[in-house]
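J.: structure for this input, please:
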Amino acid sequence: TMRMYAGFSTAEESNKRYRYLIESGATGLSCAFDLPTQIGYDSTDDISEGEVGKVGVAIDSLADMEILFDQIDLGKVSTSMTINAPASVLLAMYIAVAEKQGVPADQLKGTIQNDILKEYAARGTYIFPPRPSMRLITNIFEYCSKYVPKWNTISISGYHIREAGSTASQEIAFTIADGIAYVEAAIKAGLDVDAFAGRLSFFWNAHNNVLEEVAKFRASRRIWAKVMKERFGAKKAKSMMLRVHTQTAGSMLTAQQPNNNIIRVALQTAAAVMGGTQSLHTNSRDEALALPTEESVMIALRTQQIVAYESGLADVVDPLAGSYYVEAMTNRIEKEAWDYIKKIDEIGGAVSAIEKGYIQKEIQDSAYKWQMTPEMIGRIAVIDGDGRPRRFGPMPGQLPKCGKLILRQRLQREQHQSPAVRVLQAFFQYRQAVAQCFAAGGGRGDHHVAPGADSIRRQRLMAVQRRDPPLAQHPRNGAVQVDARVAENTTD
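T.: Residues are numbered from 1 along each chain as shown. The predicted structure is shown next:
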């Protein structure tokens with residue numbers, strides 16, 4: 001499935017992007033939600049200020065969900081939703097929208113991420129403690145096995161673990177350890193392993209080292225099949241399959257010379273395809289800078305299509321099988337991953353390992369080691385026009401005009417100020433300089449600029465007041481009244 005991860009600003013804006021992607025040849029949807037939605041807050045909550053619609057689409061109600069999928073037939077498209085702590089709520093909304101379209105729940109296809117353990121280890125969007133959260137997950141397993149049988153009830157995610165700084169071996173080890181914990185919890189709740197295991201899926205990262213990534217995919221399939229067959233006694237072949245969605249590595253994109261990211265993503269795409277991914281998202285060239293433009297998204301989608309239909313890489317299963325180097329690396333990664341899994345078992349399982357901080361510490365140590373390697377300290381990531389390698393990182397002459405101003409002012413003052421003062425001043429200077437650039441039209445170019453988070457929040461606050469005046473008059477909502485009055489007199 002060619003599934004492009006998208007979602008920003010309002011449900012209306014995101015719906016336009018989804019329909020554009022489908023019209024351009026995407027075969028599935030992948031929904032990004034903003035942080036308030038991911039941790040269960042309404043856009044009108046004070047704690048949401050500055051984050052509404054910023055890193056994903058804001059969903060506060062069933063009405064938002066209906067707008068998000070307007071003119072999209074949920075009976076024909078599969079949808080992946082990157083949602084964890086409130087996954088049951090978003091899935092319920094999706095089912096309700098589908099039923100309103102006339103699509104029964106038992107015909108829906110898609111995935112909810114629903115992987116809370118990696119949130120404690122690497123990502124952070126959790127609401128409840130680990131053990132109560134596990135009960136919510138197994139409840140979803142049970143419900144979907146009865147009423148939404150074509151739905152993937154969890155995407156056990158290594159992507160964020162890798163982005164946080166883990167090695168390839170740690171990525172699959174910690175993720176499979178999480179998977180073991182989910183299966184154990186479901187069996188403890190009374191579910192038969194073959195009743196739900198076939199709907200479990202995984203989510204891997206595709207990094208720059210092509211052959212290592214292929215070996216990682218191969219090793220993960222070996223480990224999961226052995227775990228399900230020997231540890232849990234699964235009998236169905238489908239229960240032993242490791243089905244995986246892959247996303248190219250956002251952490252490997254550079255803000256400098258962003259067109260070079262097209263080549264990086266193409267190599268990562270090839271690695272995922274040769275590794276055997278079933279579903280893929282390709283990052284856009286400009287994501288180290290801002291929300292991707294439509295042109296950038298189109299290039300990313302075309303990268304998938306060219307690899308799938310023109311390269312021949314997708315024509316054969318496991319095309320690098322038998323290569324001495326790949327087989328040796330597969331064996332090494334598998335052994336390293338098994339060592340971690342055994343260590344986590346000794347601690348008491350993934351939940352206990354997370355509660356004791358073991359997994360988090362291992363990821364942090366690996367991230368530090370990676371950053372301190374000679375390759376990263378003097379990282380060669382871009383090439384000058386004369387063919388000479390240039391070290392990674394912007395020099396003053398490469399920065400945009402706004403950045404040059406900030407850098408010059410900071411360098412002039414830094415010897416006379418404390419570090420804290422320098423950080424604060426640089427931050428406010430940056431905001432002021434960017435605002436000036438946009439006011440002059442210098443920051444827009446032909447990029448799509450989504451409405452600001454505070455702008456969206458003010459719009460929603462005003463909508464709440466119009467729809468439900470008593471809410472705005474409640475003593476707890478004094479801030480709502482003030483914000484709404486500000487919104488009436490502000491041009492965004």
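J.: longest helix anywhere in the chain?
T.: helix 324-347 (DSSP state H).
J.: contacts made by that helix with the rest, please.
T.: 167-170, 172-174, 176-177, 180, 211-212, 214-216, 218-220, 222-223, 320-321, 350, 353, 356, 358-359, 362 (CB atoms under 8 Å, 6 or more residues apart in numbering). (C-beta placed from N, C-alpha, C; glycine too.)
J.: got it, and stretch 357-376?
T.: Surrounding stretch 357-376, the residues in contact under the criterion CB under 8 Å, 6+ apart are 120-122, 161, 164-167, 170, 174, 177, 340, 343-344, 347, 350, 353-354, 377.
J.: of the residues you listed, just the buried ones, ChimeraX syntax please.
T.: Of those, the buried ones go into a single ChimeraX selection, burial set by 16 or more other CB atoms under 10 Å:
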select :120,121,122,161,164,165,166,167,170,174,177,340,344,347,350,353,354
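J.: just the ones of the contacts of stretch 357-376 in helices?
T.: For the contacts of stretch 357-376, secondary structure assignment (DSSP H) places 161, 170, 174, 177, 340, 343, 344, 347, 350, 353, 354, 377 in helices.
J.: centre of the chain to the strand ranked longest in the chain, how far?
T.: Taking DSSP state E as the criterion, the chain has its longest strand at strand 200-206. Distance, stretch centre to chain centre, for strand 200-206: 11 Å (CA atoms, centre = their mean, to the nearest Å).
J.: what's the following helix or strand after it?
T.: Following strand 200-206 in sequence order, the next helix or strand is helix 210-226 (DSSP states H and E).
J.: what's the offset of that next one from the middle of its chain?
T.: Centroid displacement of helix 210-226 relative to its chain, using CA atoms, centre = their mean, is 21 Å.
J.: ok, now stretch 73-85?
T.: Distance of stretch 73-85 from its chain centroid, counting by CA atoms, centre = their mean, is 14 Å.
J.: pick the one among the ones in helices among the contacts of stretch 357-376 closest to residue 69.
T.: Using CB to CB, residue 161 is the member of these that sits closest to residue 69, with 30.1 Å.
J.: right, and the closest one touches residue 117 too?
T.: No. With contacts counted by CB atoms under 8 Å, residue 161 stays clear of residue 117, the gap being 10.1 Å.
J.: distance from stretch 249-263 to the middle of the chain?
T.: 17 Å.
J.: buried ones in that stretch?
T.: Of the residues in stretch 249-263, 249, 250, 252, 253, 254, 256, 258, 261, 262 count as buried by neighbour count, 16+ other CB under 10 Å.
J.: okay, who's weakest in the residues you listed by pLDDT?
T.: Lowest model confidence among these falls on residue 256, which carries 86.
J.: tell me the secondary structure for that residue?
T.: Of the three states, residue 256 takes coil according to DSSP: H, G, I helix; E, B strand; the rest coil.
J.: which helix or which strand is home to residue 247?
T.: Using DSSP H and E, residue 247 sits within strand 244-248.
J.: pLDDT (mean, whole number) over that strand?
T.: Mean predicted lDDT for strand 244-248 stands at 94.
J.: sheet partners, orientation included, of it?
T.: Each strand that strand 244-248 pairs with, and the sense of that pairing, follows from DSSP bridges: strand 200-206 (parallel), strand 279-281 (parallel).
J.: quick one, the helix or strand just after it and strand 244-248 angle?
T.: Heading C-terminal from strand 244-248, the first helix or strand you meet, by DSSP H and E, is helix 260-275. Computed by axes from the mean of the first three to the mean of the last three CA atoms, to 10 degrees, the angle separating helix 260-275 from strand 244-248 equals 160 degrees.
J.: just checking, what packs against helix 260-275?
T.: strand 200-206, helix 210-226, strand 244-248, strand 279-281, helix 294-309 (3 or more CB pairs under 8 Å, 6 or more residues apart in numbering; DSSP states H and E).
J.: would a markdown table of these with mean neighbour count and distance to residue 45 be doable?
T.: Putting those into a markdown table (neighbours: other CB atoms under 10 Å; distance: least, CB to CB, whole Å) gives the following:
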| stretch | mean neighbour count | distance to residue 45 |
| --- | --- | --- |
| strand 200-206 | 26 | 29 |
| helix 210-226 | 22 | 39 |
| strand 244-248 | 27 | 29 |
| strand 279-281 | 25 | 30 |
| helix 294-309 | 19 | 31 |
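J.: distance to residue 87 added to these, as TSV?
T.: TSV is the format used below for the helices and strands packed on helix 260-275 (distance: least, CB to CB, whole Å):
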stretch	distance to residue 87
strand 200-206	14
helix 210-226	22
strand 244-248	16
strand 279-281	18
helix 294-309	26
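J.: which pLDDT value goes with residue 28?
T.: Looking at residue 28, its pLDDT is 85.
J.: show me the contacts for it.
T.: Residues 1, 2, 3, 77, 78, 79, 80, 110, 279 are the ones in contact with residue 28 under the rule CB under 8 Å, 6+ apart.
J.: what comes up buried for stretch 225-234?
T.: Neighbour counts over stretch 225-234 (16+ other CB under 10 Å) mark 225, 227, 228, 232, 234 as buried.
J.: name the helices or strands packed onto whichever helix or strand residue 65 is part of?
T.: With the criterion set as DSSP H and E, the secondary-structure element containing residue 65 is helix 62-68. On a contact count with 3+ CB pairs under 8 Å, 6+ apart, helix 62-68 meets helix 11-23, helix 87-101.
J.: list of residues touching the last one?
T.: Read it as helix 87-101. 33, 37, 40, 59, 62, 65-66, 69, 73-75, 79, 81, 83, 104-105, 108, 110, 112-114, 136-137, 139-140, 148, 151.
J.: are any of these buried, and which?
T.: Burial of these was assessed by neighbour count (16+ other CB under 10 Å); the buried members are 33, 37, 59, 65-66, 69, 74, 79, 81, 83, 105, 108, 110, 112-114, 136-137, 140, 148, 151.
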